[in-house]
Every structure is written in C-alpha cells, then in structure tokens.
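Chemist: predicted model and sequence below, questions to follow.
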Amino acid sequence: MRILIVEDEKKMAGFLKRGLEEAGYSVDHAASAASAEMLSGENPYDCIVLDIMLPDKTGYDLALSIRAEGYKGPILFLSALSSTKDKIRGLDVGADDYLTKPFSFDELLARVRALLRRHSSPQGSKLRFHDLELDLVKRKVKRGEREIALTAKEFSLLEYFMHNQNKALSRTSIAEHVWDVHFDSDSNVIDVYVNMLRKKISSGDEKKLIHTIVGVGYVLRED
Ligand code: CA
C-alpha cells in the first residue's frame, strides 16, 4: 500500500514518513500543494494524508483539485485546526477522515488502516487466498496453521498480491504500489523480493501460489 504525505513542516513530515514506513507502507512526501498535485497525478496512491496549512494552497483546495483530477482513494486531513467548522469543511471538500494535531501515532495508524480497509477490502481485516491468510490489523500471515514471519516489505508485497488474486501483475505495477518514488527500475529488487516471499509462503511440499509469467511478471493463483 502506498501513501502520500502532504506536509510542509519538515520534522512532522519525517516523523510521519518513518512511522508509516515502519508499519510497512511505501511513503512519498510532498512539501507543497504543487508537488502533491504532481505526485498524485503520476502515482497510484492508496491513501493521501493532508495537512491544511500549506505554503502555496490550503489543504481544502488541494483536496478538491486532487479529486477533480480523478483520485478516488481515501483522504485524511491532519491539522492543528481543531474547530468543528474546520472539520466539517474538510469532510465537505472530499476528505474521508480528519485528525487534529497533536495526535497519537497509533491512532493515526488505526485510522489509515480503517480507511484502506473500507476502500480496498470490504471483506474485513483479513485477506484470504487458498489456505493463506493475511491479517491487516495484527499484520500477521498464516498458511493453514503455520505462522509466517515476513518483513514489512514482504508483507506489503503479499498484500498487493492478495488484493489482485488471479491477475497478472507486471513489475511496473508492483513497483508503483509497493515501492516509493526512489525505486530504481533498472534493479532486480522486485524479483529478489518475490523469490524470498515465495520461499516463505510455500515451504516443503506446500502448493506453489506465486507464479512467474514469462515476459509479464507474476501472478497469485492456485494451479
Ligand atoms: Ca502546515
């Protein structure tokens, strides 16, 4: 899952980026509305976290322009403006949630999870495929009764596969959803991660679930 943070305060932005990355998300950061518009036009974000007081535009106007450009994912406002009027305005311009600063990071994470769940997995907090189960809240993966320990990146990669079962996924689309803007497209890092993930989810004589499609990429399917 890939998140865009729009925040002009450097310290706050760094804190958010680190925290969300530790939780397993790929995170890009924009310090102005202009750079946010550019990034959101170029990348498929699963969630956008928006500050309201930005140097070149208000977050309200930015939310409107991002929506007008076709972004349909969740928007969460994170602002020091805490009056009911501000919150109503934020929700009215197309935000899905509003959290006031100062906030607890755990609460922010829980809200981001809830938004992503509502938008991408209406079936609840667990994704299932064959005998594989991925718990988005506990961030745990099981195959049958066997618990599988994954790194944050592997988890994110598997989550993307689980959301796109039986669909051929190109390296480009995997990079766009699981990595951030600093991804080097010449590297073989995706193949390396897919191979590690494959070994972890199919050990011994367990059925292989992630398959290579030559010339295309990868697919999560049963045969
Ligand atoms: Ca600000």
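Modeler: Structure's in. What do you need?
Chemist: what's the burial count for the residue in the chain positioned nearest to the ion?
Modeler: Proximity of the chain to the ion (CB to the ion) peaks at Met53, 4.0 Å away. Where you see a C-beta, it was placed from the backbone N, CA and C, and this is true even at glycine. For Met53, the number of neighbouring residues by other CB atoms under 10 Å comes to 13.
Chemist: any figure for the gap between it and Tyr71?
Modeler: From Met53 across to Tyr71, the span is 21 Å (CB to CB, to the nearest Å).
Chemist: also Asn164?
Modeler: 20 Å.
Chemist: need the pLDDT of the residue of the chain closest to the ion.
Modeler: pLDDT for Met53: 95.
Chemist: again, but for Gly124
Modeler: Looking at Gly124, its pLDDT stands at 68.
Chemist: near Val49, how many other residues are there?
Modeler: 26.
Chemist: coming back round to it: Asn164 and Tyr71: who's more crowded?
Modeler: Under the criterion of other CB under 10 Å, the comparison of Asn164 against Tyr71 puts Tyr71 first, with 19 against 16.
Chemist: host element of the residue nearest to the more buried one when sequence neighbours are not counted?
Modeler: Counting by CB to CB, 6 or more residues apart in numbering, Ser40 is the residue found nearest to Tyr71 once chain neighbours are left out, at 5.7 Å. Per DSSP states H and E: Ser40 is located in helix 33-42.
Chemist: now do the nearest residue to Ile75 once chain neighbours are set aside, the pLDDT please.
Modeler: Leaving aside its sequence neighbours, Ile75 sits nearest to Ala95 (CB to CB, 6+ apart; 4.5 Å). We have a pLDDT of 94 for Ala95.
Chemist: list the buried ones in the longest helix along the chain?
Modeler: In the chain, with assignment by DSSP state H, the single longest helix is helix 105-120. Across helix 105-120, burial judged by 16 or more other CB atoms under 10 Å covers Leu108, Arg111, Val112, Arg113, Ala114, Leu115, Leu116, Arg117, Ser120.
Chemist: okay, now Ala36: neighbour count?
Modeler: For Ala36, using other CB under 10 Å, the count is 29.
Chemist: report the contact partners of it.
Modeler: Leu4, Val6, Ala30, Ile48, Leu50, Leu62, Ile66 (CB atoms under 8 Å, 6 or more residues apart in numbering).
Chemist: ok, back up a step: any idea which helix or strand comes after the longest helix of the chain?
Modeler: strand 126-129.
Chemist: strand partners of that following strand, parallel vs antiparallel please.
Modeler: The sheet places strand 126-129 alongside strand 132-135 (antiparallel), with pairing taken from DSSP bridges.
Chemist: what's in contact with the partner strand?
Modeler: For strand 132-135, using CB under 8 Å, 6+ apart, the contacting residues are 125-128, 140-143, 155, 158-159, 162, 201, 209.
Chemist: do stretch 155-174 as well
Modeler: Residues contacting stretch 155-174 (CB under 8 Å, 6+ apart): 1, 24-26, 120-121, 127-129, 132, 134, 136, 139, 141, 150, 177-178, 185, 190-191, 193-194, 197, 201, 210, 213, 216-221.
Chemist: out of these, which touch the ion?
Modeler: Among those, none lies close to the ion by the criterion of CB under 5 Å from the ion.
Chemist: in strands, which of those appear?
Modeler: 26, 127-129, 132, 134, 141, 210, 213, 217-220 (DSSP state E).
Chemist: just the buried members of those residues?
Modeler: Ser26, Leu127, Phe129, Leu132, Leu134, Val141, Ile210, Gly217, Tyr218, Val219, Leu220.
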